[in-house]
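Novice: based on what follows, work out the 3D shape:
(one chain, ligands or ions: 2)
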Amino acid sequence: MDAKDMGEDLEKVLVTEEEIKTRLREMAAEIDAAYAGKDLLLVGVLKGAVMVMADLARELHHPAETDWMAVSSYGAGTTSSGVVRILKDLDADIKDRNVLIVEDVIDSGLTLSWLVGNLKSRGPASVEICTMVRKPLAFSVDLDVKYIGFDLPNEFIIGYGLDYAEKYRNLPFIGTLAPHVYQD
Ligand SMILES: O=P(O)(O)OC[C@H]1O[C@H](OP(=O)(O)OP(=O)(O)O)[C@H](O)[C@@H]1O
Ligand SMILES: Nc1nc2[nH]cnc2c(=O)[nH]1
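Specialist: Residues are numbered from 1 along each chain as shown. Ligands and ions are numbered 1, 2, ... in the order given. Below you'll find the model as predicted:
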């Protein structure tokens, strides 16, 4: 899917496919350097992180392992509540392992705050966070995010894994939707 396929539904592109590629390469280099000679388990948070995980993992030179979690936050519509439920847990035991959580977006930060606490209670050697997008609300929670693709304004974004009603995850860029899409 591309901008052409969106017709009038696309409002604007915020981050292009090329910008995502370049930034991922830079982030992968930082991660390679930080974990050189160390064990590394990438933990993707379904479903949004599928694209970041696939592209980041292939940019890494590190022979990192991958695992997945699916969580659901009880919230109405597009808001997060901070009450999180595990829908799919990790296959791996993370005791004494270096865990890097891979996310598509940190918005309120509530999902990640909960997830970091949950994973730390399992006795890992370390837990760090990598996200493609951070939004400004996340500054109000105490989250140390080591690797950030882009800081974007407080708008609802779609593409590159991010959905609206499960659609638009397969766009190669990050953008916003025209208001009529929400009203239809
Ligand atoms: O910082 P927060 O406000 O808590 O929001 C961030 C969460 O929202 C998105 O997931 P979503 O619940 O939309 O699920 P999905 O990845 O399956 O689309 C995203 O992948 C994060 O997990
Ligand atoms: N698609 C999408 N999901 C989100 N979850 C939290 N913030 C967002 C956002 O801006 N877009």
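Novice: going along the chain, name the strands of this protein.
Specialist: Secondary structure of the chain (DSSP state E): strands at 10-15, 41-46, 65-73, 84-88, 98-106, 126-134, 147-151, 174-177.
Novice: let me have those in CSV, extended by mean neighbour count.
Specialist: C-betas here are computed from N, CA, C, even on glycine. Shown next, in CSV, are the strands of the chain (neighbours: other CB atoms under 10 Å):
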stretch, mean neighbour count
strand 10-15, 17
strand 41-46, 22
strand 65-73, 16
strand 84-88, 13
strand 98-106, 23
strand 126-134, 23
strand 147-151, 18
strand 174-177, 22
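Novice: got a markdown table for these, with distance to ligand 2 too?
Specialist: Listed next are those as a markdown table, based on distance: least, CB to the nearest ligand atom, whole Å:
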| stretch | distance to ligand 2 |
| --- | --- |
| strand 10-15 | 10 |
| strand 41-46 | 11 |
| strand 65-73 | 9 |
| strand 84-88 | 13 |
| strand 98-106 | 5 |
| strand 126-134 | 8 |
| strand 147-151 | 12 |
| strand 174-177 | 9 |
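Novice: would you turn those into TSV with distance to Ala57 and mean pLDDT?
Specialist: Shown next, in TSV, are the strands of the chain (distance: least, CB to CB, whole Å; pLDDT from 0 to 100):
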stretch	distance to Ala57	mean pLDDT
strand 10-15	20	96
strand 41-46	6	98
strand 65-73	6	94
strand 84-88	18	93
strand 98-106	8	97
strand 126-134	11	98
strand 147-151	13	98
strand 174-177	19	97
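Novice: which one of these lies closest to Tyr35?
Specialist: strand 98-106 (6.4 Å; CB to CB).
Novice: paired strands for that closest one, with orientation please.
Specialist: strand 41-46 (parallel), strand 126-134 (parallel) (DSSP bridges).
Novice: ok, which of those comes nearest ligand 1?
Specialist: With CB to the nearest ligand atom as the criterion, ligand 1 lies closest to strand 41-46 of the strands paired with strand 98-106, at 4.9 Å.
Novice: do that closest one and ligand 1 meet at all?
Specialist: Yes. Using CB under 6 Å from any ligand atom, strand 41-46 reaches ligand 1 at Val45, Leu46.
Novice: got the angle between that strand and strand 84-88?
Specialist: Strand 41-46 and strand 84-88 are oriented at 110 degrees to each other (axes from the mean of the first three to the mean of the last three CA atoms, to 10 degrees).
Novice: off-centre distance for strand 41-46?
Specialist: In terms of CA atoms, centre = their mean, to the nearest Å, the centre of strand 41-46 is found 9 Å from the chain centre.
Novice: the inter-axis angle of that strand versus strand 65-73?
Specialist: Orientation check (the same axes, to 10 degrees): strand 41-46 against strand 65-73 gives 30 degrees.
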